[in-house]
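Trainee: Mind looking at a prediction? Sequence and model below.
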Amino acid sequence: MQYEAVIGLEIHAQLLTETKIFCGCSTKFGSDPNTQTCPVCIGMPGVLPVMNRKAIEYVVRTGLSTNCEIPLLSRFARKNYFYPDLPKGYQISQFEMPLCGEGFVDIIVEGDHRKIGLTRIHLEEDAGKNIHAEHGNESFVDLNRAGVPLMEIVSEPDIRTSKEAVEFVKKLRAIVRYIGVCDGNMDQGSLRCDANVSVRPVGEKELGTKAEIKNMNSFRFIEKALDYEIKRQIKALRDGERIIQETRLWNTDKGITESMRSKEEAHDYRYFPDPDLMPIELEQSWIDGVRGGIVELPDTKRERFISDYNLPEQDADLLTSEQSMADWFEQAVDLGGDSRSVSNWIKGEMSRLLNDDNKLIEDCTITPGLLVGMLSLIDKGTISGKIAKTVFEKMYRTGKEAAVIVEEKGLVQMSDESGIEAIVDDILSKSPGEIERFKGGDAKLMGFFVGQVMKETKGKANPKIVNELLRKKLK
């Protein structure tokens, strides 16, 4: 029997407000424990929450960017449960009337377009953080995060593979970063993802028993955890076992999911409207104003890059995955850089160097102007494409202009035809066997001859002239 996976995701995004959702405490990451707290966020008796208007705007902005319905009326509820990092004994969240209703996000996986539905987007406060001592049995509670505004994005169970799940999270991360509501730093917990996973026979409409997977804090771990869980459930069913509804954790060291707790034993959260917070009434004119302030989104920018700059789809996908990268590309083109050349250098050498140093393009020492200056040297024949790679890395390390580096290092391309011809003749005179094999039909030896000339000239010979001379002399 063939099985398919049914996956729904719950994504928590920490909003980029300067203060918490119901008080004036800072949301800054990395401060000393319990230094960003007050009577409101630590749940002291008698205090009242005051709504952060910016948090509401950010959630609505996200909903409008993901094709969601925006109701004019929503309200907050208390989600009741006990845990040491939850100071009030309940979490202020939304239940029956969220800020954003149904929507969808389009993704592309291996060339196939998929529409992934959104059930809702709602606003809630974060809990604190439990810190367990490395030695001994002590645990500590840091409440700096308590009250930080979280946006929860809940998908429909429309996802079928781990690759689709990763592309969905990548697309949402790109959107929230584009519109400036979340920094998307998964390593700091600013963007967190849980998955509900079940399997069923192909063609079956009824959903199987699901397991909730937590602790997936990178795209790679999302893919690996979901692949493991899908295989685990399929094997269990084929072995005649019963899947139980439970919460499981992804163990990054072992590469497996492990049972955390049974969902069948989960407490009833006993949601009820929060009596300290009035319902939120939005005006359509205000919603329209938020809509008007939304920047060009990744999908729209992608289609424009393909049509306006004649880029392949893969190039447009990469360039629009981050707004900073898209802006860098357009600045370089506006300065006179050829769109295809600029794209090739971004996705090639620049991406390699940035990845090696774990940097983003906004941290790159090479500006759009520096790249365009180097491209002009290639166009003029001053340097070859091979030498340009050396120049590019020197620019990356030093921030110097290409022309300065070329002069300092003596990297000007050799374009004197008579000088190159003498070297070609010398190479051919030393390679009678290779010439005979080439004329016998071994066309791949042309690369050998070109390589020998480039080696002799330390990569400075003009490749076009080298190839023309060799073709003429090897007739």
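Mentor: Sure thing, it's come through. Numbers count the residues shown, from 1 in each chain.
Trainee: Give me the below-cutoff pLDDT ranges for the stretch 51-200 of the chain.
Mentor: For the stretch 51-200 of the chain, no stretch has pLDDT under 70.
Trainee: now the strands for it?
Mentor: 73-74, 77-80, 90-93, 103-109, 112-125, 129-132, 139-142, 149-155, 191-201 (DSSP state E, counting those that start in this stretch).
Trainee: Deepest-packed of those, please.
Mentor: Burial of the strands of the stretch 51-200 of the chain is given as mean neighbour count (mean count of other C-beta atoms under 10 Å); strand 149-155 ranks first at a mean of 24. Where C-beta positions appear, they are placed from N, C-alpha and C, glycine not excepted.
Trainee: hmm, back to that, got the strands of the stretch 51-200 of the chain as CSV, with distance to I427 columns?
Mentor: What follows is these, written out as CSV (distance: least, C-beta to C-beta, whole Å):
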stretch, distance to I427
strand 73-74, 76
strand 77-80, 77
strand 90-93, 74
strand 103-109, 48
strand 112-125, 50
strand 129-132, 67
strand 139-142, 69
strand 149-155, 62
strand 191-201, 56
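Trainee: who wins for proximity to G30 among those?
Mentor: Across the strands of the stretch 51-200 of the chain, G30 has its closest neighbour in strand 139-142 (11.3 Å, C-beta to C-beta).
Trainee: Against which helices or strands is the closest one packed?
Mentor: strand 129-132 (3 or more C-beta pairs under 8 Å, 6 or more residues apart in numbering; DSSP states H and E).
Trainee: Who are the contact partners of the spatially most central residue of the chain?
Mentor: Nearest to the mean C-alpha position of the chain, by C-alpha atoms, centre = their mean, lies K170 at 4.5 Å. Going by C-beta atoms under 8 Å, 6 or more residues apart in numbering, K170 touches 219, 321.
Trainee: Residue ranges in the stretch 201-350 of the chain under the pLDDT threshold?
Mentor: For the stretch 201-350 of the chain (pLDDT under 70), the answer is 263-267.
Trainee: Can you show me the helices along it?
Mentor: 219-238, 284-292, 298-309, 313-319, 323-334, 339-345 (DSSP state H, counting those that start in this stretch).
Trainee: can you pull the alpha-carbon coordinates of the fifth one into PDB?
Mentor: What it means is helix 323-334. Coordinates of each C-alpha in helix 323-334 appear next as PDB, following Å, rounded to 0.1, in the frame of the first residue of the first chain:
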ATOM      1  CA  GLN A 323      14.900  42.200  -0.200                       C
ATOM      2  CA  SER A 324      18.400  43.300   0.500                       C
ATOM      3  CA  MET A 325      19.700  41.100  -2.300                       C
ATOM      4  CA  ALA A 326      17.100  42.300  -4.700                       C
ATOM      5  CA  ASP A 327      17.900  45.900  -3.900                       C
ATOM      6  CA  TRP A 328      21.600  45.200  -4.300                       C
ATOM      7  CA  PHE A 329      21.000  43.700  -7.700                       C
ATOM      8  CA  GLU A 330      18.800  46.500  -8.900                       C
ATOM      9  CA  GLN A 331      21.300  49.100  -7.700                       C
ATOM     10  CA  ALA A 332      24.100  47.400  -9.700                       C
ATOM     11  CA  VAL A 333      21.900  47.300 -12.900                       C
ATOM     12  CA  ASP A 334      20.900  50.900 -12.400                       C
END
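Trainee: so which helix or strand takes in V372?
Mentor: Here V372 is covered by helix 368-380, with elements defined by DSSP states H and E.
Trainee: What helices and strands are in contact with that helix?
Mentor: Looks like helix 368-380 contacts helix 323-334, helix 339-345, helix 385-398, helix 402-409 (3+ C-beta pairs under 8 Å, 6+ apart).
Trainee: Output that helix in PDB with nothing but the alpha carbons.
Mentor: This file holds the C-alpha atoms of helix 368-380, laid out as PDB (Å, rounded to 0.1, in the frame of the first residue of the first chain):
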ATOM      1  CA  PRO A 368      27.100  47.500  -6.400                       C
ATOM      2  CA  GLY A 369      29.400  50.200  -7.800                       C
ATOM      3  CA  LEU A 370      32.600  48.100  -7.200                       C
ATOM      4  CA  LEU A 371      31.100  45.200  -9.000                       C
ATOM      5  CA  VAL A 372      30.100  47.300 -12.000                       C
ATOM      6  CA  GLY A 373      33.600  48.800 -12.100                       C
ATOM      7  CA  MET A 374      35.000  45.300 -12.300                       C
ATOM      8  CA  LEU A 375      32.500  44.300 -15.100                       C
ATOM      9  CA  SER A 376      33.600  47.300 -17.100                       C
ATOM     10  CA  LEU A 377      37.200  46.000 -17.000                       C
ATOM     11  CA  ILE A 378      36.100  42.600 -18.300                       C
ATOM     12  CA  ASP A 379      34.100  44.300 -21.100                       C
ATOM     13  CA  LYS A 380      37.100  46.400 -22.100                       C
END
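Trainee: circling back: which stretch among the strands of the stretch 51-200 of the chain comes nearest G255?
Mentor: Nearest of the strands of the stretch 51-200 of the chain (C-beta to C-beta): strand 191-201, 16.1 Å.
Trainee: Partner strands of the closest one and their direction?
Mentor: The pairing partners recorded for strand 191-201 under DSSP bridges are strand 3-14 (antiparallel), strand 211-216 (antiparallel).
Trainee: Switch these over to CSV; also include mean neighbour count.
Mentor: CSV is the format used below for the strands paired with strand 191-201 (neighbours: other C-beta atoms under 10 Å):
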stretch, mean neighbour count
strand 3-14, 21
strand 211-216, 21
